[in-house]
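Asker: please work out how this folds:
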Amino acid sequence: MQTVKMVVTGPFSSGKTAFIGSVSEIPVVRTERKVTDGTRSVKEQTTVAMDFGRITVDKDLSLYLFGTPGQKRFDFMWEILSEGMLGFVVLVDSARPETFREARRILDTFRSYSNTPYVIGANKQDDEDAWPPEDLKIALGLDQNTRVLPCVATQRESVKSILLELLYVILENAAEEPSPRSRKK
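Answerer: Down below sits the predicted model:
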């Protein structure tokens with residue numbers, strides 16, 4: 001069986017842990033801690049190093065899913081987690097436009113690590129304030145060919161569709177690359 005490393009990244013509280021938890025066949029390995037602003041709890045739990053889950057696509061392929069921390073103070077983990085990835089998903093809370101600039105910064109950072117295929121997950125599409133994927137693409141200043149996909153990170157089928165689309169993008173990119181033999185000519 002072949003295993004493939006995928007990274008799930010995005011801003012703080014964009015749904016990365018829920019995304020991995022929705023599809024993982026194993027209990028998700030989580031490194032979470034309570035978040036406070038010094039006096040009160042801001043969020044019950046946040047990822048401080050990574051989340052890890054696994055999903056079997058078919059008898060020959062399993063995806064290892066690595067979720068990054070979303071807070072800037074833990075961004076030193078991003079480069080470590082990106083090593084060996086075959087592709088990545090940037091999750092964006094499409095109901096919180098104040099996080100869009102951070103999402104774009106994270107995308108640019110991961111693209112600087114590797115010329116690896118990626119997709120954007122427009123999460124929380126079940127929220128009445130969610131921006132549609134096409135509007136999110138414009139807000140993030142993305143190339144027309146970038147795939148921005150609707151997502152609800154707590155719904156298994158939604159997450160599976162994002163991961164399948166990422167696999168399609170990876171296969172398309174592999175087909176476009178010249179073979180080693182043709183590069184020598």
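Asker: please count neighbours and contacts with C-alpha atoms only from this point.
Answerer: Fine.
Asker: contact partners for Pro150?
Answerer: Pro150 is in contact with Gly121, Ala122, Asn123, Gln125, Pro132, Pro133, Ser158, counting by CA atoms under 8 Å, 6 or more residues apart in numbering.
Asker: next one: phi and psi at the second one?
Answerer: Read it as Ala122. Note on Ala122: its backbone torsions stand at phi -80, psi 90 [degrees, to the nearest 10].
Asker: and the contacts of Pro150, which two are the farthest apart?
Answerer: Pro132 and Ser158 (15.1 Å; CA to CA).
Asker: hmm, who's touching the host helix or strand of Arg105?
Answerer: Arg105 belongs to helix 100-113 when assigned by DSSP states H and E. Applying CA under 8 Å, 6+ apart, the external contacts of helix 100-113 come out as Thr9, Gly10, Pro11, Trp78, Glu79, Ser82, Val90, Leu91, Val92, Ala139, Leu140.
Asker: those in helices, which ones?
Answerer: Among the contacts of helix 100-113, the ones falling in helices (DSSP state H) are Trp78, Glu79, Ser82, Ala139.
Asker: next, count neighbours for Arg156.
Answerer: 17 (other CA atoms under 10 Å).
Asker: that one touches Ser22, doesn't it?
Answerer: Yes: with contacts counted by CA atoms under 8 Å, Arg156 reaches Ser22, the gap being 5.0 Å.
Asker: before we move on, the earlier item: need the contacts of Pro150 in a markdown table (columns: pLDDT).
Answerer: Shown next, in a markdown table, are those (pLDDT from 0 to 100):
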| residue | pLDDT |
| --- | --- |
| Gly121 | 98 |
| Ala122 | 98 |
| Asn123 | 98 |
| Gln125 | 98 |
| Pro132 | 98 |
| Pro133 | 98 |
| Ser158 | 98 |
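Asker: for these, pick the one with the most neighbours.
Answerer: Greatest neighbour count in the contacts of Pro150, by other CA under 10 Å, goes to Gly121: 32 neighbours.
Asker: what's near enough to touch the residue nearest to it when sequence neighbours are not counted?
Answerer: With sequence-adjacent residues excluded and distances taken as CA to CA, 6 or more residues apart in numbering, Gly121 is closest to Leu91, at 4.6 Å. Contacts for Leu91 (CA under 8 Å, 6+ apart) come out as Val8, Thr9, Gly10, Pro11, Ser14, Gly15, Lys16, Ala103, Ile120, Gly121, Ala122, Asn123.
Asker: circling back: and which of the ones in helices among the contacts of helix 100-113 is nearest Thr146?
Answerer: Ala139 (12.8 Å).
Asker: now for that closest one, how many residues are close by?
Answerer: For Ala139, the count of nearby residues is 14 (other CA under 10 Å).
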